[in-house]
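Undergrad: task: produce atomic coordinates for the following.
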Amino acid sequence: GSSMRRDISPAEEADRLQRLQDAHGYQAFKIRIGKNFGSDTDVYPGRTEEIVPAVRRAIGDRTDLYVDANSGFTPARAIEVGHMLEQYGVCHYEEPCPYPQLEWTKQVADALELPVTGGEQDTDLAQFQRMISMHAVDIVQPDICYIGGLSRALKVAQMAEAAGMTCTPHAANLSMVTIFTLHMAAAVPNAGRFVEFSIEPDHWTEGLFTSGLKVEEGKVHVPDGPGWGVTIHPEWLAKAEYRISQI
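TA: Just a heads-up that it's a prediction; the model follows:
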């Protein structure tokens, strides 16, 4: 269950995750810490140090806890935060430093026992090969839509597998990217234990495709119809706004 919000208090976040856990059986949650490209700032001072213990208390010790810093920290601050995360049993520390700065991220990965992850915003296979070969992260996270499709994302998974690394694809909303990611995670041998599944109400995706995704007992069924297993509703497409980017 992946939270996309920073505009929520630690108490409110902990409460809603606990409710979702009770209702749907989530076995892992991901929360946001720091501030997006925040250069060691936070939404407000001390929020990172407040939200992690608050959520841990709410979801219990048997539920995995992931955090995403969205490139928010310099190495020194990222390592400081990482040691705090280790105290609360966090098992996934995503993008602690600005994502182009692989050397910074490697400093963090080398300093912590906690797995450091990244790759959602990277689109170049050569950059992924460099990331993997220098072990800048412990877990790679290609986004199928950002990287240019399933075949390219599978190449990243294969690179990671050859290096003995896990591949946990990034999926930040309940559009087709989650459908793609479910299929990929079911197919690759080095997938992580969980698929990222947004808990936010994405109203723009309502009615996008057949066979709505539902979390039951902490699991989501991989659509098993022809192709991707779902059909895009023509009515949704007819109402969509079309945009063309030109150089």
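Undergrad: so who does K155 touch?
TA: Going by Cβ atoms under 8 Å, 6 or more residues apart in numbering, K155 touches L125. Where you see a C-beta, it was placed from the backbone N, CA and C, and this is true even at glycine.
Undergrad: how confident was the prediction at it?
TA: With respect to pLDDT, K155 has a value of 98.
Undergrad: distance of it relative to G164?
TA: 17 Å (Cβ to Cβ, to the nearest Å).
Undergrad: so R56 is in which element?
TA: Per DSSP states H and E, R56 falls inside helix 47-59.
Undergrad: which strands and helices sit next to that helix?
TA: helix 10-24, strand 28-32, strand 64-68, helix 75-87 (3 or more Cβ pairs under 8 Å, 6 or more residues apart in numbering; DSSP states H and E).
Undergrad: what's the closest of those to I199?
TA: helix 10-24 (6.0 Å; Cβ to Cβ).
Undergrad: against which helices or strands is that closest one packed?
TA: Helix 10-24 packs on strand 28-32, helix 47-59, going by 3+ Cβ pairs under 8 Å, 6+ apart.
Undergrad: what residue is smack in the middle of the chain?
TA: The residue lying closest to the centre of the chain (Cα atoms, centre = their mean) is H170, at 4.7 Å.
Undergrad: ok, the nearest residue to that residue once chain neighbours are set aside - contacts?
TA: With Cβ to Cβ, 6 or more residues apart in numbering as the criterion, H170 has its nearest non-adjacent residue at 3.7 Å, and that residue is E120. For E120, the contact set (Cβ under 8 Å, 6+ apart) comprises E94, E95, Y99, Q141, P142, D143, Y146, H170, A172.
Undergrad: mind redoing it with 6 Å?
TA: Taking Cβ atoms under 6 Å, 6 or more residues apart in numbering, we find E120 in contact with Q141, D143, H170.
Undergrad: ok, V55 touching A14?
TA: Yes. V55 lies in contact with A14 (Cβ atoms under 6 Å); the separation is 4.9 Å.
Undergrad: ok, back up a step: what would the helices and strands packed on helix 47-59 look like in JSON lines with mean pLDDT and mean neighbour count?
TA: Shown next, in JSON lines, are those (pLDDT from 0 to 100; neighbours: other Cβ atoms under 10 Å):
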{"stretch": "helix 10-24", "mean pLDDT": "98", "mean neighbour count": "16"}
{"stretch": "strand 28-32", "mean pLDDT": "98", "mean neighbour count": "24"}
{"stretch": "strand 64-68", "mean pLDDT": "98", "mean neighbour count": "24"}
{"stretch": "helix 75-87", "mean pLDDT": "98", "mean neighbour count": "18"}
